[in-house]
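Q: Sequence plus predicted model, see below.
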Amino acid sequence: MEEKALVEDVEVTEDEIKAEYENIKNEIQARHIVVKDEETAKKVKAELESGKDFAKVAKEYSIEQTAQTTGGDLGWFNKATNMDQQFLEGAFALKKNVISDPIQSSFGYHIIEVTDKREIKESYEDKKAELEKQLKLAKADPSRLLTKVAEMLKDADIKIKDEDIKTALDKFLAAAETDTTTEDADTSTESK
């Protein structure tokens, strides 16, 4: 019920859904080593190109703590994955089994190797409803949830016989009413 209330008035266009599908349809499996400066990144690349084991080099140089256990392996991800944009652009531009030049991100300098690529099996039509739901949830305003749920409960006209539950529901609805009044006041102040 909360999810339905949250996304009820949220609009998502067909173009937004298609763009999101484009972001998820191609996936790569990659590994990386992130260091503080470009000079170290170039040194790391040279060591990898000379044949050194990627995981060992990652454990030796990477400033990312998880690299100590993963050897820099990131697993599978797509363009919609919550990662630094410069990193994603650099990774998706690579050919399979090619070690990148240093790629600067907000975390430092990365040396990336894409170890595999694939396209998801589901068609746009198969994924459309799921993507629309995800986009609506991402756009939804969680601060409106209390008000929306209260509206749904009032519209449902629920009859409660237990006094404790009735009192709790009345308090909830009163709090939601106060929340609505505050939102209306904020809106009228903004429009002046």
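A: Happy to help now that I have it.
Q: Off-centre distance for whatever helix or strand residue 77 lives in?
A: Taking DSSP states H and E as the definition, one finds residue 77 inside strand 73-78. Between the centre of strand 73-78 and the centre of its chain there are 14 Å (CA atoms, centre = their mean, to the nearest Å).
Q: Show me what it is packed against.
A: helix 14-25, strand 26-35 (3 or more CB pairs under 8 Å, 6 or more residues apart in numbering; DSSP states H and E). Placement of C-beta: from N, CA and C, glycine included.
Q: quick check: mean pLDDT across the helix or strand following the last one?
A: So the one you mean is strand 26-35. Using DSSP H and E, the next helix or strand after strand 26-35 towards the C-terminus is helix 38-49. Model confidence over helix 38-49, given as mean pLDDT, is 98.
Q: Which residue ranges of the protein form helices?
A: In the chain, helices defined by DSSP state H lie at 2-7, 14-25, 38-49, 54-61, 67-70, 85-93, 124-139, 145-156, 163-190, listed in chain order.
Q: Of all the ones you listed, which one comes closest to residue 110?
A: Within the helices of the chain, the stretch nearest residue 110 is helix 85-93; the backing value is 5.9 Å (CB to CB).
Q: Buried by neighbour count: which residues of that closest one qualify?
A: Neighbour counts over helix 85-93 (16 or more other CB atoms under 10 Å) mark 87-88, 90-92 as buried.
Q: Pick out the shakiest of the helices and strands packed on strand 73-78, pLDDT-wise.
A: If the helices and strands packed on strand 73-78 are sorted by mean pLDDT, helix 14-25 sits at the bottom with a mean of 93.
Q: Next, the angle from that helix to helix 85-93.
A: Interaxial angle, helix 14-25 versus helix 85-93 (axes from the mean of the first three to the mean of the last three CA atoms, to 10 degrees): 70 degrees.
Q: Spatially central residue for this protein, please.
A: By CA atoms, centre = their mean, the mean C-alpha position of the chain lies nearest to residue 82, the distance being 4.4 Å.
Q: Give me the pLDDT value at that residue.
A: 93.
Q: rewinding a little: in TSV, list the helices and strands packed on strand 73-78 along with mean neighbour count.
A: Below are the helices and strands packed on strand 73-78 laid out as TSV (neighbours: other CB atoms under 10 Å):
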stretch	mean neighbour count
helix 14-25	15
strand 26-35	21
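Q: Just put those in TSV and tack on distance to residue 137.
A: Shown next, in TSV, are the helices and strands packed on strand 73-78 (distance: least, CB to CB, whole Å):
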stretch	distance to residue 137
helix 14-25	12
strand 26-35	22
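Q: sorry, back to before: among the buried residues of helix 85-93, which pair sits farthest apart?
A: Spatially, the most separated pair among the buried residues of helix 85-93 is 87 and 92, at 9.6 Å (CB to CB).
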